[in-house]
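Visitor: Fold the following.
(2 chains)
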Amino acid sequence: MKKSLYYIENFSIKRWTRVLAFLLVSLVVSSCEEDLPEAGSKADTTPPTSNFSAEEQSGDYLTYLFTNLSNSATDYVWDFGDVASGVNNSSTEENPSHTYPAEGTYTITLTASDKLGVESTFTSSIEVVEPDAPTVFVPTILEAGFEDLSLPDGTGDGRDSWRISGGKIFGITSSPVRTGSQGAKFDAGDPRVAYQELTVTPNADYIVTIHYTMKTSPEGGALRLAILGEAISEASEAEAAIIASTTGTDQTSASDYVEMSLEFNSGNTSTIAIWMDSNNIAEARVDDVSIIAKPE
Amino acid sequence: MKNTKIIIAVFLTILTVSCNDDLLSPVPTSAVSADGFYTNDEELEAGVLNMYDGLQGVNDTRSDSNHGTQVEFYLTEMRSDNTRTKSGEGEAAQFETYTVQSTNGIVADYYRSMYNVIYRANTVLQYLDAATTKRDQFEGEAKFVRAYAYFNLVRLFGDVPLVDKVIAPLDTDIAFTRVDKADVYSLIVSDLVTAVANLDDSHKNRASKAAAEALLAKVYLTTGNYSGAQTLCESIMNPARGFELLDNYKDIFYSEGNDEVIFAIGYKNDLTNDSQNFSAEWLNGVGRTSGVNYVTEDVRNAFATYGGVERTKYAFRNDATQTTQYQVVKYLPNGDSALGIDATSSDPTLAGNDWIVLRYADVVLMHVEAILAGGASTSSSNAIASFKLIRDRAGLTTPAVITKEDLLNERRVELAFENQRFYDLVRFGEAVSVLSAYSTTMGYSFTATDLLLPFPNVEIGLSNGVLVQNP
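Guide: Purely as a prediction, here's the structure:
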């Protein structure tokens, strides 16, 4: 009885030891599986956040420079959204650049990761556009030859586009003319003016050309062509708004038209105006007003 | 019982009435306080001058002083391809190698200085009602100075905390919350618009109408309002305003208050409180350093190509004691007899050379930039005429078409060592490509994120997690 009791006790001790060992082992095994933190370790409170900006390389609209704005990351994988470029569509550089084949919208993905393998992905699109070549807008001068019914809608008396409040509009002449059947007439001793607003490209150089003829007497006649740097509402405001002007004094022939040109820069505005008047000494005629962008 | 209630009610009323500022925070009679001090024009003008004193910065070598403008070249010129330290050592060399740490004391110094200037400007604005006849002028000056400080901060740090009034120590949200750049620029623009309206051209060491216009033009060029910039430049370029390009480069820097200067931070020689030491630091061991803001080979090559003889002569010189090195000659404290420049002080570390913030040549080149309007080139006769003024003075010919690169190079040599180059590169959108190439040649470590400085570590710490560091 006593012996068997000892046996039982002996057996149970051995058995419990085994159970205990088994439990310990399984505990160790299970703790590995559950990845419990080791003593002294702490959670990753600064996981990577990925972000970037893209900037066109100056002088090359197809090439973009990428600026990596990621935080707490050590490794980067870029996808430039340009599958056709093959191996070049990807990069592991921190701040790469990529040249696109053509205009279009491309979606770029940056995957930033840290050494724990935590990843963060940021996606953004860029639009690759070829910049417009700078062009100078050339306005259309209405009733440039002072002909009747020459407005776009087929109306007009040859002067309707040239009127300004407070200034007496020039008269119409039928002889001499340079082209067509009418020209503008600036009387002597009776102040006449012409004014027309034009839309232009700011800071662009233009040349306005007119043709004029003046009676041979009395001497001292002068016809003025000017550019106003802004639109005006009263003729009296013209003088102060002049940014360029030239004066024609050729009185050699009362019937032959001579050319007169004025070069000007439109300045910091998109509205200028053509202005013409005379010193009222000799009768003058004007025909065929034109404007071109100054050739480079 | 009923009486008790009435008595309590009466007491409460008395308590409420008596709880006003006068009783609980009386104006001290034995000491000066802001509330008690600013009562008239004269006293408020002391506050106005105090702003310029803040921009001037303290002339000493302590690391906890606000040195203001005197350390600006570290953060700007030495972070460009124009200058570097002579030795390549210490925290000063972090700028040239593009390894600026958040612990860098010079960055903290400048950051602290600019916010201190902003505080001084906000103080003037808070007590503006004390002014009588000079209210508009003081408002204009304070807003100009505040805008100038913010324009520097927003270009160096990006989104920054926006403090537009006097704040108390517990207003930590305002002090540390970064505000979107666009909002910072709106305050800068509205401040400068007020300054343009309120000021005239009677000062060069204090804010003026022309200074506000020129600074606003630069802000507009930065934000892309080219037409607005052009209008402002043309306003300053009106001959009636009296500004001009001097014939001689030397006179720009060595005849102070001349017609080319629009706004300069004034310094007085040999006065500890009003002198500057950056001039001495740029020499070989004359200041505290062995020599900083030394001229790079890169900019010397640029001068050889675009500079012209006279402009180069008054830009940099060979270091007589270390002949492989070159020094800036625009702000010499102890003169140069070979160049006919006299000393500006008896002690070079107490130099009197003013720091020119805005001058007419800058405005003329900004006029070209406004017409270029972000494009690749311009042949506008308007732009050519302005460009020609600068080229003629340098004794150089003017091209028929001005490219963006031409203009950037011209600004580089005309305004070299005047803390413009870094901002120009960023504004022209060329900073990443130019500085990457330069950095590769020099073995430095530039990446695009180096365009913004790190916020000072001490600010990050004090903010308790509110102030977020730049990447």
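Visitor: And for whatever residue of the stretch 351-471 of chain B ends up closest to chain A, the neighbour number?
Guide: Closest residue of the stretch 351-471 of chain B to chain A, Cβ to the nearest Cβ: B:Ala448 (3.5 Å). C-beta coordinates here come from the backbone N, C-alpha and C atoms, glycine included. B:Ala448 has 22 neighbours, counted by other Cβ atoms under 10 Å in any protein chain shown.
Visitor: any idea what sits nearest it, other than its immediate chain neighbours?
Guide: Computed as Cβ to Cβ, 6 or more residues apart in numbering or on different chains, the closest residue to B:Ala448 that is not its neighbour in sequence is A:Thr67, at 3.5 Å.
Visitor: follow-up on the earlier one: wait, doesn't the residue of the stretch 351-471 of chain B closest to chain A sit right on B:Val432?
Guide: Yes - with contacts counted by Cβ atoms under 8 Å, B:Ala448 reaches B:Val432, the gap being 5.0 Å.
Visitor: need the residues of chain B near chain A, please.
Guide: B:227, B:230-231, B:234, B:370-371, B:373, B:375-383, B:400-401, B:404, B:428-430, B:432-433, B:447-449, B:471 (Cβ under 8 Å from any Cβ of the partner chain).
Visitor: Can you list the strands that the helix or strand where the residue nearest to B:Ala448 lies pairs with?
Guide: Following DSSP states H and E, one finds A:Thr67 within strand A:60-68. Using DSSP bridges, the strands paired with strand A:60-68 are strand A:52-57 (antiparallel), strand A:97-99 (antiparallel).
Visitor: A:Ser253 reaches A:Pro176, doesn't it?
Guide: No - between A:Ser253 and A:Pro176 there is no contact under Cβ under 8 Å: 9.3 Å.
Visitor: Tell me the residues that contact both of the two, please.
Guide: Overlap of the contact sets of A:Ser253 and A:Pro176 (by Cβ atoms under 8 Å, 6 or more residues apart in numbering or on different chains) consists of A:Thr213.
Visitor: hang on, isn't B:Tyr110 packed against B:Thr76?
Guide: No - taking contacts as Cβ under 8 Å, B:Tyr110 lies outside contact range of B:Thr76: 9.5 Å.
Visitor: Give me the spatial nearest neighbour of A:Thr216, chain neighbours excluded.
Guide: That would be A:Gln251: by Cβ to Cβ, 6+ apart, it lies 5.1 Å from A:Thr216.
Visitor: Up against chain B, what does chain A have?
Guide: Residues of chain A lying near chain B (Cβ under 8 Å from any Cβ): A:51, A:53, A:55-59, A:65-71, A:94-95, A:131, A:134, A:202-205, A:265, A:267-268, A:294, A:296.
Visitor: can you tell me which residues contact B:Leu192?
Guide: Neighbours of B:Leu192 in contact, by Cβ under 8 Å, 6+ apart: B:143-144, B:147, B:212, B:215-216, B:219.
Visitor: can you do 10 Å?
Guide: B:140, B:143-144, B:146-148, B:151, B:207, B:211-220, B:232 (Cβ atoms under 10 Å, 6 or more residues apart in numbering or on different chains).
Visitor: ok, now how distant is A:Glu130 from A:Asp60?
Guide: Distance of A:Glu130 to A:Asp60, computed by Cβ to Cβ, to the nearest Å: 11 Å.
Visitor: Repeat that for B:Asp342.
Guide: According to Cβ to Cβ, B:Asp342 and A:Asp60 sit 49 Å apart.
Visitor: what do you get for A:Ser41?
Guide: Taking Cβ to Cβ, one finds A:Ser41 at 49 Å from A:Asp60.
Visitor: out of those two, which sits in the more crowded spot?
Guide: Between A:Ser41 and A:Asp60, counting by other Cβ under 10 Å, A:Asp60 is the more crowded of the two (11 against 8).
Visitor: okay, the strand or helix carrying B:Gly47 in PDB with CA atoms only?
Guide: B:Gly47 belongs to helix B:41-56 when elements are defined using DSSP H and E. Listed next in PDB are the C-alpha coordinates belonging to helix B:41-56 (Å, rounded to 0.1, in the frame of the first residue of the first chain):
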ATOM      1  CA  ASP B  41       3.900 110.400 -31.500                       C
ATOM      2  CA  GLU B  42       7.300 110.700 -29.900                       C
ATOM      3  CA  GLU B  43       6.900 107.700 -27.700                       C
ATOM      4  CA  LEU B  44       5.400 105.600 -30.500                       C
ATOM      5  CA  GLU B  45       8.300 106.600 -32.700                       C
ATOM      6  CA  ALA B  46      10.600 105.000 -30.200                       C
ATOM      7  CA  GLY B  47       8.600 101.800 -30.800                       C
ATOM      8  CA  VAL B  48       9.000 102.300 -34.600                       C
ATOM      9  CA  LEU B  49      12.800 102.700 -34.300                       C
ATOM     10  CA  ASN B  50      12.900  99.700 -32.100                       C
ATOM     11  CA  MET B  51      11.700  97.600 -35.200                       C
ATOM     12  CA  TYR B  52      14.700  98.700 -37.200                       C
ATOM     13  CA  ASP B  53      16.900  98.000 -34.200                       C
ATOM     14  CA  GLY B  54      15.600  94.400 -34.300                       C
ATOM     15  CA  LEU B  55      16.400  94.100 -38.000                       C
ATOM     16  CA  GLN B  56      19.900  95.600 -37.300                       C
END
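Visitor: tell me what the very next helix or strand once past that helix is packed against?
Guide: Once the chain leaves helix B:41-56, the next helix or strand it forms, by DSSP H and E, is helix B:72-75. Applying 3 or more Cβ pairs under 10 Å, 6 or more residues apart in numbering or on different chains; DSSP states H and E, we find helix B:72-75 packed against helix B:93-97, helix B:105-126, helix B:135-157, helix B:278-281, strand B:355-359.
Visitor: ok now helix B:72-75, how far from the chain's centre?
Guide: 10 Å (Cα atoms, centre = their mean, to the nearest Å).
Visitor: quick one on the thing from earlier: save the strands paired with strand A:60-68 as CSV, and put in mean pLDDT and mean neighbour count too.
Guide: Below are the strands paired with strand A:60-68 laid out as CSV (pLDDT from 0 to 100; neighbours: other Cβ atoms under 10 Å in any protein chain shown):
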stretch, mean pLDDT, mean neighbour count
strand A:52-57, 87, 17
strand A:97-99, 93, 18
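Visitor: Can you tell me which residue of chain A sits closest to chain B?
Guide: Closest point on chain A to chain B, by Cβ to the nearest Cβ, is A:Thr67, at 3.5 Å.
Visitor: contacting residues around that residue?
Guide: A:51-55, A:94-95, B:432, B:447-451, B:471.
Visitor: where does chain B have its least confident helix or strand?
Guide: Least confident helix or strand of chain B, by mean pLDDT, DSSP states H and E, is helix B:2-18 with a mean of 58.
Visitor: so B:Ala195 makes contact with B:Gly140?
Guide: Yes - contact criterion Cβ atoms under 10 Å: B:Ala195 and B:Gly140 qualify, at 4.3 Å.
Visitor: Overlap in contacts, these two.
Guide: B:207-209, B:211-212.
Visitor: Which two among the residues you listed are spaced furthest apart?
Guide: Spanning the widest gap among the shared contacts of B:Ala195 and B:Gly140 are B:Ala207 and B:Lys209, at 8.6 Å by Cβ to Cβ.
Visitor: So for the strand holding A:Thr67, mean pLDDT?
Guide: Strand A:60-68 comes out with an average pLDDT of 89.
Visitor: From the chain's centroid, how far away is it?
Guide: For strand A:60-68, the distance to the chain centre is 18 Å (Cα atoms, centre = their mean).
Visitor: Residues contacting the helix or strand following that strand, please?
Guide: Counting by DSSP H and E, the next helix or strand C-terminal to strand A:60-68 is strand A:75-79. Contact partners of strand A:75-79, identified using Cβ under 10 Å, 6+ apart, comprise A:48, A:50, A:52, A:66, A:68, A:70, A:89-96, A:98, A:107-115, A:117, A:119, A:121, A:123.
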